[in-house]
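1. structure for this input, please:
(one chain, ligands or ions: 1)
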Amino acid sequence: MTNEAIPNLTAFDEASLDKAFAQLEQQARDSAAAIDGSEAVEAFRLEWLGRKQGRLNDVSGKWLKAAPAEAKKLLGQKFNALKATVEGLLEQASGAGPSDAALAAEAIDITLPGTKRLTGAEHPITKTLNEIVGVFAALGYLVGVGPEVETDFYNFESMNFPPGHPARDTQDTLVVANQERRPLRDRLLLRTHTSPVQMRTMEKQPPPVRIVIPGKVHRNDAADATHSPIFHQVEGLCVDANITFSDLKGTLDHAMKALFGSSAKTRFFPSFFPFTEPSADVQISCIFCGGKGCRKCKQSGWIELLGCGMVDPAVFAFAAEKQPAYDPKKISGFAFGMGVERIAMMKYGVSEIGQFYAGDMRFLSQFV
Ligand code: PHE
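-> Sure, this is the predicted structure:
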């Protein structure tokens, strides 16, 4: 393609220069757009940038020389801009990659360290809770859950805390306001233990039952180093034909050894819970001193860790209202309940329960 020769320029005012250069630029663009193949690229280069016959060479010969002194500067600028445009078109047409300068501006230094992202991790309470559940899952227990806002019936009455019974005072309860018009058993409260899920489970299925119930519970207790008004429990319930107290002892002894190491010993002390009979508190040999006696175990060598007992026939009677197979003459069972925070504090040597809830990364990152 041959463009016509560069015309002579007669007017050198800005508007005339603009028009003349715009025309040339358009011609350059048109002929660049028509380039097809590497020979055409070379022809374009010669046509525009050739040292002797190139059009830009002509421009500088004809226009720059003829220009009056006062127009030379502007003309020079426009000439340089046109030249840069033509060079850019040539670069594009020849498929040449971007210039070195462009590459340098975009370069990625692969030797720089990458951006580190913090990986999330289980909270120590979640971790302990899962560990406890895991110990029982390995024994064939399933996992159950229930609501945190519970009725008086499930939290107390069906667990054999009759209305007005003094045993209710052992679990200082947070109740939902403005429930007085409802019958007592339907009134809502924040569950004080995970035991109501025992009843919810039995109402839904006949025996046998082997279930662990992890969850959050609430009590109107003042917070101190070892108490928090919100904490976590893992409940356990096993119901079948011929379940005995020695099954309970063997199961919990195994669980404590699994959680605290095989040298942990357990012992069972008589206790009272309305929903178990007989009831027991379980102590484990002090994991800090091995049973010799230290400050942590108040020199006794033992630490109290959980409550348990054989399911009270009165509880089975409530379950039998929905599932007649819970007949205490034919089946028996045991239940236990443990505080997750207390176990986590022992396992990890934490002395302030509040540390678990403060959200301080310096504390939490120790458990990753
Ligand atoms: N629910 C009891 C409590 O929170 C613990 C427990 C559960 C005791 C099951 C015996 C059997 O104190």
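
2. the one helix or strand residue 247 maps to: how far from the chain's middle?
-> Taking DSSP states H and E as the definition, one finds residue 247 inside helix 245-260. Computed by C-alpha atoms, centre = their mean, to the nearest Å, the chain-centroid distance of helix 245-260 equals 33 Å.

3. right, and the helix or strand after that helix?
-> Counting by DSSP H and E, what follows helix 245-260 is strand 266-273.

4. and the next helix or strand past that next one?
-> Downstream of strand 266-273 (by DSSP H and E), the next one is strand 276-285.

5. quick check: neighbours of that following strand in the sheet, parallel or antiparallel?
-> strand 266-273 (antiparallel), strand 302-311 (antiparallel) (DSSP bridges).

6. which of those strands sits most buried?
-> strand 302-311 (a mean of 21; mean count of other C-beta atoms under 10 Å). (Glycine included, C-beta is placed from N, CA and C.)

7. so which bits of the helix holding residue 247 are buried?
-> Neighbour-count burial for helix 245-260, with 16 or more other C-beta atoms under 10 Å as criterion, is recorded at 247, 248, 249, 251, 252, 253, 255, 256, 257, 258, 259, 260.

8. report the contact partners of the fifth one.
-> Residue 252 makes contact with 266, 282, 306, 308, 336 under the criterion C-beta atoms under 8 Å, 6 or more residues apart in numbering.

9. got the residues of the stretch 101-250 of the chain near the ligand?
-> 193, 195, 235 (C-beta under 6 Å from any ligand atom).

10. quick one: residue 239 is in a helix?
-> No - Residue 239 sits outside any helix when classified using DSSP: H, G, I helix; E, B strand; the rest coil, being strand.

11. domains in this structure, by residue range?
-> Per automatic domain parsing, the structural domains of the chain span 14-105, 124-367.

12. separation between residue 193 and residue 228?
-> For residue 193, the distance to residue 228 equals 14 Å [C-beta to C-beta, to the nearest Å].

13. out of those two, name the residue with the larger neighbour count.
-> residue 193 (24 against 19; other C-beta atoms under 10 Å).

14. list the contacts of that one.
-> 155, 171, 217, 233, 235, 337 are the contacts of residue 193 under C-beta under 8 Å, 6+ apart.

15. ok, the spatially most central residue of the chain to the ligand distance?
-> Note on the chain: the residue nearest the mean C-alpha position is residue 120, at 5.9 Å, using C-alpha atoms, centre = their mean. The spacing between residue 120 and the ligand, counted by C-beta to the nearest ligand atom, to the nearest Å, is 30 Å.

16. next one, pLDDT for that residue please.
-> You'll see residue 120 listed with a pLDDT of 85.

17. can you tell me the SS state at it?
-> Quick answer, by three-state DSSP: residue 120 is coil.

18. tell me what the helix or strand bottoming out on mean pLDDT in the chain is packed against?
-> Lowest mean confidence among the helices and strands of the chain (mean pLDDT, DSSP states H and E): helix 100-106, at a mean of 75. Where contact means 3 or more C-beta pairs under 8 Å, 6 or more residues apart in numbering; DSSP states H and E, helix 100-106 is not packed against any helix or strand.

19. helix or strand right after that helix?
-> Criterion used, DSSP H and E; the element after helix 100-106 is helix 124-137.

20. list the buried residues in that next one.
-> So, applying 16+ other C-beta under 10 Å, buried residues of helix 124-137: 124, 125, 127, 128, 129, 131, 132, 133, 135, 136.

21. tell me the contacts of the second one?
-> Applying C-beta under 8 Å, 6+ apart to residue 125 gives the contacts 232, 340, 341, 344, 356.

22. most neighbours out of those, which is it?
-> Most surrounded of the contacts of residue 125: other C-beta under 10 Å gives residue 340, at 26 neighbours.

23. for that residue, which non-adjacent residue is closest in space?
-> Among residues not flanking residue 340 along the chain, residue 232 sits closest, at 3.8 Å (C-beta to C-beta, 6 or more residues apart in numbering).

24. could you confirm the one you found falls within a strand?
-> Yes - per three-state DSSP, residue 232 lies within a strand segment.

25. that one against residue 218, yeah?
-> No - the pair residue 232 / residue 218 is not scored as a contact, 10.7 Å apart, by C-beta atoms under 8 Å.

26. would you mind giving the secondary structure of the closest residue to the ligand within the chain?
-> Residue of the chain nearest the ligand, by C-beta to the nearest ligand atom: residue 337 (2.6 Å). Three-state call for residue 337 (three-state DSSP): strand.

27. quick one, phi/psi of the closest residue to it other than its chain neighbours?
-> Leaving out its chain neighbours, the residue that sits closest to residue 337 by C-beta to C-beta, 6+ apart is residue 235, at 4.9 Å. Residue 235 adopts backbone torsions of phi -100, psi 150, taken as degrees, to the nearest 10.

28. which residues in the stretch 1-150 of the chain form strands?
-> Listed in chain order, the strands of the stretch 1-150 of the chain (DSSP state E, counting those that start in this stretch) span 142-143, 149-151.

29. other SSEs contacting the first one?
-> I take that to be strand 142-143. strand 209-218.

30. direction included, what does the strand it packs on pair against?
-> strand 142-143 (parallel), strand 230-240 (antiparallel).

31. contacts for that strand, please.
-> Contacts for strand 209-218 (C-beta under 8 Å, 6+ apart): 129, 132-133, 136-137, 139-146, 148, 174, 190-194, 197-198, 201-202, 229-240, 333, 340.

32. tell me the angle it makes with helix 124-137.
-> 160 degrees (axes from the mean of the first three to the mean of the last three C-alpha atoms, to 10 degrees).
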